[in-house]
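Participant: Mind folding the following:
(one chain, ligands or ions: 1)
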Amino acid sequence: MMIILPLLLPIIFFLVYQRLRFRLPPGPRPWPIVGNLYDVKPVRFRCYTEWAQQYGPIISVWFGSVLNVVVSNSELARQVLKEKDQQLADRHRSRSAAKFSRDGQDLIWADYGPHYVKVRKVCTLELFTPKRLEALRPIREDEVSAMVESIFNDSTQHPDKIGKGLVLRSYLGAVAFNNITRLAFGKRFMNDEGVIDDQGKEFKAIVANGMKLGASLAMAEHIPWLRWFFPLEEEAFARHGERRDRLTRAIMEEHTAARLKTGGTKQHFVDALLTLQKQYDLSDDTVIGLLWDMITAGMDTTAISVEWAMAELIKNPRVQQKAQDELDRVIGCERVLTELDFSNLPYLQCVAKEALRLHPPTPLMLPHKANANVKVGGYDIPKGSNVHVNVWAVARDPAVWKDPLEFRPERFVEEDVDMKGHDYRLLPFGAGRRVCPGAQLGINLVTSMLGHLLHHFSWAPANGLTPEEIDMSENPGLVTYMKTPVQALPTPRLTPIMYKRIAVDM
Ligand code: HEM
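Facilitator: Predicted coordinates:
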């Protein structure tokens, strides 16, 4: 106690000083040292929504001595993401995020400043341009058609699976994995039989190891003096970083060699970044960091969105039927859908949007951090605090949505609500300076996967469940998977020839 007390005193004084100096948002009473760490329930966005009902739409939640402000209505979301956007555009980096990103040398974990502005410009002007998205479309269509083929084969020819439910997540995850690795690294690590090669195995192992390392530090993360007792596994992080760099550099070298041989540049992000590296003065760490950002941000999010959407469509046969009627009318049964058909499929687009409203895969977005003292909703947010927008709660707020809990895509036929950061009621991709740069790509992939799944198959619950019995609860985590992976029974709707993969080599 004699040793700990002098260590604690400055923290206690700091907290009391903050309390007196600032008018902080209300919230659950914090305990000494741990704050509200033990009060927060695992599915955080639901817990924050309950607290918002008790304390109001802007609340304070203490993780140890770190203040987290959570806003839960569209007006406050507008203040955070538009009015005070610049002062609230830094990132909170956990110790592991700081290690992975080499202290924010990438995009996702970079603070708002000259480096961020430069890298964001590379994303906007070079990587996510409509031209490049269009050039990479064949990859997306190849992968979506490969998913259709493997669902068809498994559900009609696989003795163990005929007439049984398929775990949709594994098919959706394969599309997301292959799409993002091809787009970023220009490589399909998986062969036609679904077997992953050695480089792909190494890639998956690195992703899994990153998750393990990132998840292992929770408590010491929020209580600075505890870190002395729980030092970061420096060596494990260093090994992880080296392993990631080794694989990425090997792929980068393959691309450089191919470019020198053919004289042509391909459309994949790795080629784009290598050819632009000098022009934008990007370090190797930034190039590698950016490539891995795409994997981190773009892989799970798309698969999760489609899994939730499919669960809703199985629970709501009326909506499923209506989307299929539209597909039959516009596409017919002689050809498969392509992204060029989207503009003629307004109901399908509304289905995707309604799924992202009710089930945003990142319900608290990514944490922003205040780089100055700011006022939001009449309360103070001191510099250094984290700010979260509970986009899940905003999208279910009965004050701005009619029958908010109902899965009813028609609401967007009646009113065309933007979901890419211009309407603060619907923010699955965030808004403002840090809005998701991959939003259009994500929307295209989600819509295409849904369109194909619905055009090619009818879907019913598996294992004798009724639609009402499908478990719609969430798993805890920064990205929100369904707690129970949805299982579904597909019935083909088209002739067998329509289920062949449309493979492209690029
Ligand atoms: C349905 C799919 C997706 C959803 C719902 C989604 C959502 C989000 C959200 C909420 C943020 C945080 C915004 C903020 O901090 O204010 C974000 C950031 C980001 N997303 Fe996405 N995303 C999706 C797909 C993608 C894809 C496909 C990519 C790239 C291939 C991508 C790349 C990024 C990057 C790099 C950031 C960091 C931006 C920054 O910090 O400036 N996302 N995304």
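Participant: Point me to the residue of the protein nearest the ligand.
Facilitator: Residue nearest to the ligand within the chain (Cβ to the nearest ligand atom): G438, separated by 2.3 Å. Where C-beta positions appear, they are placed from N, C-alpha and C, glycine not excepted.
Participant: List phi and psi for that residue.
Facilitator: The phi/psi pair for G438 (degrees, to the nearest 10) reads phi -100, psi 20.
Participant: again with the one 4 residues further on
Facilitator: Listed backbone geometry of G442 is phi -60, psi -50, with angles given as degrees, to the nearest 10.
Participant: Which residues are in contact with it?
Facilitator: 298, 301-302, 305, 429, 436 (Cβ atoms under 8 Å, 6 or more residues apart in numbering).
Participant: number of nearby residues for the residue of the chain closest to the ligand?
Facilitator: 22 (other Cβ atoms under 10 Å).
Participant: correct me, but it touches R132?
Facilitator: No. Counting by Cβ atoms under 8 Å, G438 does not reach R132; the two are 11.8 Å apart.
Participant: what about the helices in the stretch 101-250 of the chain?
Facilitator: 114-122, 130-135, 137-157, 168-185, 198-215, 218-222, 234-262 (DSSP state H, counting those that start in this stretch).
Participant: can you redo those helices as a markdown table with mean neighbour count and mean pLDDT?
Facilitator: Listed next are these as a markdown table, based on neighbours: other Cβ atoms under 10 Å; pLDDT from 0 to 100:
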| stretch | mean neighbour count | mean pLDDT |
| --- | --- | --- |
| helix 114-122 | 16 | 98 |
| helix 130-135 | 13 | 96 |
| helix 137-157 | 20 | 96 |
| helix 168-185 | 22 | 95 |
| helix 198-215 | 15 | 87 |
| helix 218-222 | 16 | 67 |
| helix 234-262 | 14 | 89 |
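Participant: Any chance of a markdown table for the ones you listed, columns distance to R95?
Facilitator: Below are the helices of the stretch 101-250 of the chain laid out as a markdown table (distance: least, Cβ to Cβ, whole Å):
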| stretch | distance to R95 |
| --- | --- |
| helix 114-122 | 20 |
| helix 130-135 | 35 |
| helix 137-157 | 35 |
| helix 168-185 | 26 |
| helix 198-215 | 9 |
| helix 218-222 | 6 |
| helix 234-262 | 9 |
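Participant: Select, out of these, the one closest to V504.
Facilitator: helix 137-157 (4.3 Å; Cβ to Cβ).
Participant: Run the contact check for the closest one versus the ligand.
Facilitator: No. Applying Cβ under 6 Å from any ligand atom, one finds helix 137-157 separated from the ligand by no less than 10.4 Å.
Participant: Also compute the angle for that helix relative to helix 168-185, please.
Facilitator: 160 degrees (axes from the mean of the first three to the mean of the last three Cα atoms, to 10 degrees).
Participant: now the strands for the protein?
Facilitator: All strands of the chain, identified by DSSP state E, fall at 58-63, 66-71, 90-91, 166-167, 368-369, 374-376, 379-381, 386-389, 457-461, 487-492.
Participant: Enumerate the residues of the stretch 101-250 of the chain near the ligand.
Facilitator: 107-108, 120.
Participant: again, 8 Å this time
Facilitator: By the rule Cβ under 8 Å from any ligand atom, the part of the stretch 101-250 of the chain lying against the ligand is 107-110, 116, 120, 123, 128, 180, 183-184.
Participant: which non-adjacent residue is nearest R120?
Facilitator: Leaving aside its chain neighbours, R120 sits nearest to L107 (6.5 Å; criterion: Cβ to Cβ, 6 or more residues apart in numbering).
Participant: Surely H456 and V148 touch.
Facilitator: Yes. H456 lies in contact with V148 (Cβ under 8 Å); the separation is 5.1 Å.
Participant: Please enumerate the shared neighbours of these two.
Facilitator: Contacts common to H456 and V148, judged by Cβ under 8 Å, 6+ apart, are 336, 499.
Participant: Fine by me, thanks again.
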